[in-house]
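S.K.: Just need the structure, nothing else, for what follows:
(4 chains)
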Protein chains: 2
Amino acid sequence: MADINFSRTVADPDSKGPEATSPAARSGEFRWDIIELLFFAYRDFVGDADLELEAFGFGRAHHRVMHFVYRYPGLKVADLLDVLRITKQSLGRVLKQLLDEGYIIQKTGNNDRRQRLLYATPKGEALVAKLAGLQTDRITRALAEISPDGVAAINQFLRAMIDREDPDKVLEAIFGTGSKKPRE
Amino acid sequence: MADINFSRTVADPDSKGPEATSPAARSGEFRWDIIELLFFAYRDFVGDADLELEAFGFGRAHHRVMHFVYRYPGLKVADLLDVLRITKQSLGRVLKQLLDEGYIIQKTGNNDRRQRLLYATPKGEALVAKLAGLQTDRITRALAEISPDGVAAINQFLRAMIDREDPDKVLEAIFGTGSKKPRE
DNA sequence: AAATTTATGTCAGCCATATTGACATATCTT
DNA sequence: AAGATATGTCAATATGGCTGACATAAATTT
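M.R.: Next up is the predicted model:
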């Protein structure tokens, strides 16, 4: 496997003593292998979409918005803010572009007329599908040689890497902790 | 497992016909589950370090530079540019800060005196260790319930997600394709 | 009915991180 | 000596974050 994973003793960053350090830092054992694999895997994973997005004059932010609006139709602006962890002002700029260019439409909420529920237009759906296609191809290739048990382990690992306290609406849907259904 | 993973037919983004679409887009089958898990897992994974970095007045860019300089001592500026996929100018600003504040030192290359080989100082090593500790803790927690075979599958998956054509110096070390050793 | 809270939008300005292009210097290679 | 390479730096620009303040409409509470 050629794992690059060895320990090395280093000084405490703040000279505050060991109480400020994590279990790993105290033991001197780090998962350099996974840390670096995650960096490179994510870099290349989002790189696929980045290339395509240039042709549309969009950036990563547009992709993230389009993705979640398509996947969770009727998402509120506030939900999107929770998921993306950005401010209203940052989202506003990107969302306005997507609305103006016809990738997303807003509908006034039925119960609460203050809400602007977000939906992807066919044009928006097509963009999401194109980008998700590229990413799915990479995932499919990566999973091709892995057993069903292995795929289950990968799923379990990725889920366990996610913070569970204070989950947003989308995470509740993914983890099935609430009663929300993801679509339809 | 509560996987949210279903297909749905969408229009072609560019109306260019099916030849422009990926296998996944043509089949209408997407790995929404993995796509979203990767998004959230990476968001929370880097979030750990982001919080710490604020206290140092640094950003994500500083972390990436520190990490690779520490892990691959004697890295050249050009190597770092390949790994981080940013421009010399962007790197320059961040690197200058890290040099000025004593997290990194430069040594002139022995064979080629044009080169500035980069090394982490003890102060720099301590910062890297602190951040890697947080991330290692998360990884350790996530791997805790997973069998050795499962961990191997996770490793294999992450490696397979990475582009192998035109690997940079660090990737050669990780994959062992060249004769380079990662440290010392 | 009035007051308060909530959901959203917007304005002005700031910061970090990225970009391109041009150019300078030192050093190595031919 | 000429050319290529490794690095550094200047100027200008773009994107995508941020904070704080404020406005509107609609829902909720008092």
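S.K.: what about the helix or strand containing A:Asp44 and DNA strand C, touching?
M.R.: Element membership for A:Asp44, per DSSP states H and E: helix A:32-56. No: judged by Cβ under 7 Å from any atom of the strand, helix A:32-56 stays clear of DNA strand C, getting no closer than 10.6 Å. The way it works is simple: take the backbone N, C-alpha and C, and place the C-beta from them, glycine included.
S.K.: Can you pull out the residues in contact with the next helix or strand along the chain from that helix?
M.R.: Where DSSP H and E defines the elements, the next helix or strand beyond helix A:32-56 is helix A:60-71. The contact list for helix A:60-71 (Cβ atoms under 8 Å, 6 or more residues apart in numbering or on different chains) reads A:46, A:49-50, A:53, A:56, A:75, A:80, A:83-84, A:86, A:90-91, A:94-95, A:97-98, A:103-104, A:118-120, A:124-125, A:127-128, A:131-132, A:170, A:182-183, B:32, B:35-36, B:39.
S.K.: swap the cut-off to 6 Å and go again
M.R.: A:49, A:53, A:75, A:83-84, A:94, A:104, A:118, A:120, A:124-125, A:127-128 (Cβ atoms under 6 Å, 6 or more residues apart in numbering or on different chains).
S.K.: Stretch A:50-59 now?
M.R.: Counting by Cβ under 6 Å, 6+ apart, A:63, A:131 sit against stretch A:50-59.
S.K.: swap the cut-off to 10 Å and go again
M.R.: Applying Cβ atoms under 10 Å, 6 or more residues apart in numbering or on different chains, the contact partners of stretch A:50-59 are A:43, A:46, A:49, A:60-63, A:65-66, A:94, A:97-98, A:101, A:103, A:127, A:130-131, A:133-134, B:13-14.
S.K.: and it, how far from the chain's centre?
M.R.: Put simply, stretch A:50-59 sits 18 Å off its chain's centre (Cα atoms, centre = their mean, to the nearest Å).
S.K.: That one close to DNA strand D?
M.R.: Yes: Stretch A:50-59 reaches DNA strand D (Cβ under 7 Å from any atom of the strand) through A:57-59.
S.K.: And stretch A:160-179, by the same measure?
M.R.: No: under the criterion of Cβ under 7 Å from any atom of the strand, DNA strand D is not reached by stretch A:160-179; the shortest gap measures 14.3 Å.
S.K.: count of residues packed around the residue lying closest to A:Val128 once chain neighbours are set aside?
M.R.: Of all residues not flanking A:Val128 in the chain, A:Tyr70 sits nearest, at 4.3 Å (Cβ to Cβ, 6 or more residues apart in numbering or on different chains). Number of residues near A:Tyr70 (other Cβ atoms under 10 Å in any protein chain shown) recorded here: 26.
S.K.: and what of A:Arg141?
M.R.: Other residues lying near A:Arg141 total 12 when counted by other Cβ under 10 Å.
S.K.: Please list the residues of chain A that sit near DNA strand C.
M.R.: A:76-78, A:88-89, A:92, A:95-96, A:106, A:112, A:114-116.
S.K.: Which ones among the residues you listed map onto strands?
M.R.: A:106, A:116 (DSSP state E).
S.K.: Take the residues of chain A next to DNA strand C and write them to TSV, including pLDDT.
M.R.: Listed next are the residues of chain A next to DNA strand C as TSV, based on pLDDT from 0 to 100:
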residue	pLDDT
A:Lys76	94
A:Val77	94
A:Ala78	93
A:Lys88	93
A:Gln89	93
A:Gly92	94
A:Leu95	95
A:Lys96	94
A:Gln106	95
A:Asp112	93
A:Arg114	93
A:Gln115	94
A:Arg116	94
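S.K.: Got a ChimeraX select line for the buried ones in the residues of chain A next to DNA strand C?
M.R.: The buried subset of these, as determined by 16 or more other Cβ atoms under 10 Å in any protein chain shown, is captured in ChimeraX by this line:
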select /A:76,95,115,116
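S.K.: got the residues of chain A next to DNA strand C as a markdown table, with distance to DNA strand D columns?
M.R.: Putting the residues of chain A next to DNA strand C into a markdown table (distance: Cβ to the nearest atom of the strand, whole Å) gives the following:
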| residue | distance to DNA strand D |
| --- | --- |
| A:Lys76 | 13 |
| A:Val77 | 12 |
| A:Ala78 | 13 |
| A:Lys88 | 7 |
| A:Gln89 | 4 |
| A:Gly92 | 8 |
| A:Leu95 | 10 |
| A:Lys96 | 11 |
| A:Gln106 | 13 |
| A:Asp112 | 4 |
| A:Arg114 | 4 |
| A:Gln115 | 8 |
| A:Arg116 | 11 |
